[in-house]
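S.K.: 3D, please:
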Amino acid sequence: MYAYPSYRLNRSVAVVIIAAAAVIVALVASATVTPTTGTAAPTVSAAVTTPAQRVDPAARAIAAQQHVTLAQAEARLSWQQAVPSVAAALSSRLSAASFGGIWIAPDDGDRVKVGVVDLTARVHAVVMRVSRAAGLSGATDLVPVRYSLGQLVSADTWLSGQLDKLSARGGAIDLGVSYRTDLNRVQLSVAGHNLTRAERSLISRATAHYGDLVQVVTQPAGSATGAALSFECLPLPHPYCQPPLRAGIYITSTDSAGATSQCTGGFIAASRTDGKLYQFTAGHCVAPPGSGYTFTGTWSTQFTDGSTHAIGTVHNYVLGANGDEAILNINNPSGWMLPQGWVYVMAGSDTTLNDEYPISSAQYSTLGARICETGAASDATICGTVLRLGVSVCEGPITHCTQVNNLGEASFCGQEGDSGAPVYASHQAFGLVVFQAEDLRLGYSCVTDYQGIVSASNAMNVNIVAAHLSRQGARPTVGTGT
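M.R.: Next up is the predicted model:
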């Protein structure tokens, strides 16, 4: 319904693009909302190298899904890896009214798409210059769109706030919101048939105020709630590892009443004030939605010989409209041989074992990008595609779920016990697994929503620890989403 032509960034078509600019201007609306942006900061300069036998799991996923060679898949992954720096450059060099965001198109050879509202000679020149500097001039397409990224984010944020108010009243929530840069629309999802008067009113107000910027989509057989992926039953078998402490391992805690929470340890992080080390996990691992209690005791894991070893107590957590994340104290860093910026990548159908997969930086997500997760329950590293951004979903039991905003959605299916698992690709950290949902509109009976690592780091006032940089966290570049 919302298909836009795209223009490849090579000099042979530059004249055609500029000539078409006047026609395109007549077809697109002028944007007036200022987008939400961050502050660009340098990423780790040292290149991360891996042995030939340790191909990035995301590259293997691209090869399997797209039926291309590993060499071709790695080339496409290198395009994806460069996108955050391109997004940062374009958000600073194009006007807020012109920049329509960036996405990756798996159905078009994983090419990088740049949305622009006002396609002029100057805009074309800026995009070409930035893409060339990032090595993407042969893999980037210009796509004229109607709405700016700022307008999408603004509408998504407003709708999320309205859902927060509905959630505060209690009861089930049958609405959800997200945005898709590839469709240039904010999507207001409607699950089921029995909407309340307040929910129907919100749909009317949103469409009246935003027009076709907001697209109402329905999945009558679906659900608007997400199932938290913490586990409170039988122990999970693995993965465990020897020191140093790293992401992608099984962690557990027991409260004073004997209840047990079992989750996955996420990325290692360092305080921005004193450098103290922590380990990420999901906020609902600490305070399960609808449970009425928190796990305040010590969290622990096991070594490969089965012996139990303490990590530490909860330092801080958030569960609600502002996110779903927690950080655990690491009580004995020297005993853990100084925790590292690694992920335990397990062997799977598309992956090979690499228990020292290095993380070089924390980044925002890009729609269409390939990402992977290592969860304690999945018993494998699984990969998929970023389907939606700015996702707002009510998490937990239907009758008393907790509204969580600004999440990402991936096409892989996480399992109970994967909560807190690292979400990553191309040595970049993107998020933490939080819950399982469904997206019947896109043909998925099971998808995984994840907390963006940049916003989680900001909420906890920490930086992700980069591999081999013991107390230096790589700060993110400006991105297009969660």
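
S.K.: just to check, residue 199 is in contact with residue 175?
M.R.: Yes: with contact defined as CB atoms under 8 Å, residue 199 reaches residue 175; the gap is 5.5 Å. In short, each C-beta sits where N, CA and C put it, glycine included.

S.K.: please name the bridge partners of residue 358.
M.R.: Beta-bridge pairing for residue 358 (DSSP bridges): residue 342.

S.K.: just to check, it is in contact with residue 341?
M.R.: Yes: Residue 358 is in contact with residue 341 according to CB under 8 Å; the separation is 6.4 Å.

S.K.: the more surrounded of the two?
M.R.: Just comparing residue 358 and residue 341: by other CB atoms under 10 Å the higher neighbour count belongs to residue 341, 29 against 20.

S.K.: helices or strands up against the helix or strand hosting residue 384?
M.R.: In this structure, residue 384 is located in strand 381-395 according to DSSP states H and E. On a contact count with 3 or more CB pairs under 8 Å, 6 or more residues apart in numbering; DSSP states H and E, strand 381-395 meets helix 57-66, helix 149-168, strand 175-180, strand 225-228, strand 370-374, strand 402-410, strand 428-439, strand 444-452.

S.K.: let's see it at 6 Å
M.R.: Counting contacts by 3 or more CB pairs under 6 Å, 6 or more residues apart in numbering; DSSP states H and E, strand 381-395 packs against helix 57-66, helix 149-168, strand 175-180, strand 225-228, strand 370-374, strand 402-410.

S.K.: could you check the second one and say which residues are buried?
M.R.: It stands for helix 149-168. 149-160, 162-164, 166-167 (16 or more other CB atoms under 10 Å).

S.K.: and the strand holding residue 384, C-alpha only, in PDB?
M.R.: Extracted in PDB, the C-alpha atoms of strand 381-395 (Å, rounded to 0.1, in the frame of the first residue of the first chain):
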ATOM      1  CA  THR A 381      22.400 -19.200  19.300                       C
ATOM      2  CA  ILE A 382      19.400 -18.200  17.200                       C
ATOM      3  CA  CYS A 383      19.200 -15.400  14.600                       C
ATOM      4  CA  GLY A 384      16.500 -13.500  12.900                       C
ATOM      5  CA  THR A 385      15.500 -10.100  11.400                       C
ATOM      6  CA  VAL A 386      14.500  -6.800  13.100                       C
ATOM      7  CA  LEU A 387      10.800  -6.600  12.300                       C
ATOM      8  CA  ARG A 388       9.600  -3.500  14.100                       C
ATOM      9  CA  LEU A 389      11.000  -0.700  16.300                       C
ATOM     10  CA  GLY A 390       9.400   1.500  19.000                       C
ATOM     11  CA  VAL A 391       7.300  -1.400  20.100                       C
ATOM     12  CA  SER A 392       4.900  -0.800  23.000                       C
ATOM     13  CA  VAL A 393       3.400  -4.000  24.500                       C
ATOM     14  CA  CYS A 394       1.800  -5.000  27.800                       C
ATOM     15  CA  GLU A 395       4.000  -7.700  29.400                       C
END
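
S.K.: mean confidence score for it?
M.R.: Summarised as a single mean, pLDDT over strand 381-395 is 90.

S.K.: how far is it from where the chain is centred?
M.R.: 7 Å (CA atoms, centre = their mean, to the nearest Å).

S.K.: what do you get for stretch 421-430?
M.R.: 9 Å.

S.K.: thinking again about what came up before, I'd like the helices and strands packed on strand 381-395 laid out as TSV, including distance to residue 203.
M.R.: Output for the helices and strands packed on strand 381-395, formatted as TSV (distance: least, CB to CB, whole Å):
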stretch	distance to residue 203
helix 57-66	35
helix 149-168	10
strand 175-180	8
strand 225-228	18
strand 370-374	31
strand 402-410	17
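
S.K.: mean pLDDT lowest for which of these?
M.R.: Of all the helices and strands packed on strand 381-395, strand 225-228 carries the lowest average pLDDT, namely a mean of 51.

S.K.: distance-wise, check residue 405 relative to residue 187.
M.R.: For residue 405, the distance to residue 187 equals 14 Å [CB to CB, to the nearest Å].

S.K.: circling back: out of the helices and strands packed on strand 381-395, which is closest to residue 313?
M.R.: Nearest of the helices and strands packed on strand 381-395 to residue 313, taken as CB to CB: strand 225-228 at 20.8 Å.

S.K.: of all the helices and strands packed on strand 381-395, which one comes closest to residue 248?
M.R.: Judging those by CB to CB, what sits closest to residue 248 is strand 370-374, at 3.5 Å.

S.K.: other SSEs contacting that closest one?
M.R.: helix 57-66, strand 342-345, strand 381-395, strand 422-425.

S.K.: please name every helix or strand in contact with the second one.
M.R.: Think strand 342-345. Short answer (3+ CB pairs under 6 Å, 6+ apart): strand 342-345 packs on strand 354-358, strand 370-374.

S.K.: so what are the sheet partners of the last one and their directions?
M.R.: With DSSP bridges as the test, strand 370-374 is paired with strand 381-395 (antiparallel), strand 422-425 (antiparallel).
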